[in-house]
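Participant: Next one to model:
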Amino acid sequence: MKLDMKIGECMTVGVLTLDAAKSIIDAARLLKKSRVGSIIVLEKGKAVGIITERDITYKIVAENKNPKTTKLKSVMSRPLKVIDASKSIHEAALALRSNKVKRLPVVNKKGQLVGVIAEGDLVKVYPGVIDVMSENQDIGPFKRQDHVYTGVCDSCGLFTDELKADGRKLKCSECLEEEEV
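Facilitator: Here you go, the predicted structure:
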């Protein structure tokens with residue numbers, strides 16, 4: 001299996017950012033409006049952390065903290081781990097696993113934020129990469145047995161261990177059945 005595609009070829013381009021002095025409610029509203037799962041946190045224009053939906057759920061809601069008064073800098077995950085856009089998707093998968101994160105900000109050679117690479121981005125371009133990203137989840141490694149795959153359906157986006165090739169796409173049995181009708 002060839003994993004030499006570069007991160008810059010499959011990352012989500014553009015990065016949502018907020019200043020560290022903003023409140024959690026500001027972050028939650030931006031996440032909802034943008035339909036993304038994370039925001040890079042800036043201090044004096046420099047990326048210093050990341051805030052995710054999970055951070056908000058676990059560190060604010062579950063702890064009964066006020067999202068209007070709690071500042072991003074007190075909740076964000078830091079230090080910010082990043083990866084260079086010129087690295088391979090294999091290196092990205094290993095970095096996601098070793099850092100135990102689902103997404104990494106991507107920087108160019110000058111260290112400027114240019115995108116975000118997430119597990120989903122890697123799976124979309126190369127479903128087999130799930131083997132190196134299995135983290136601590138019970139997903140299990142990507143397996144190929146009689147042309148049945150484990151991964152994310154290219155049609156509905158759901159994870160399944162029963163994907164089948166349909167041309168150049170992998171689809172779950174439900175999506176394949178819908179197309180036959």
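
Participant: is it true that Glu43 touches Thr17?
Facilitator: No - contact criterion C-beta atoms under 8 Å: Glu43 and Thr17 do not qualify, at 10.8 Å. Quick note: C-beta positions are derived from backbone N, CA and C, even for glycine.

Participant: what's the closest non-adjacent residue to the residue nearest the centre of the chain?
Facilitator: In the chain, the residue lying closest to the centroid (C-alpha atoms, centre = their mean) is Ala118, at 2.4 Å. Counting by C-beta to C-beta, 6 or more residues apart in numbering, Arg103 is the residue found nearest to Ala118 once chain neighbours are left out, at 4.0 Å.

Participant: Tell me how many other residues crowd that neighbour.
Facilitator: 19 (other C-beta atoms under 10 Å).

Participant: what lines up beside the strand or helix carrying Leu163 in the sheet?
Facilitator: Using DSSP states H and E, the element containing Leu163 is strand 159-166. In the sheet, strand 159-166 lines up against strand 148-152 (antiparallel), strand 169-171 (antiparallel) (DSSP bridges).

Participant: With respect to those, which exhibits the lowest mean confidence?
Facilitator: Among the strands paired with strand 159-166, strand 148-152 carries the lowest mean pLDDT, a mean of 68.

Participant: where do the strands sit along this structure?
Facilitator: Ranges of strands in the chain, per DSSP state E, are 12-13, 17-19, 38-43, 46-52, 83-84, 103-107, 113-118, 144-145, 148-152, 159-166, 169-171.
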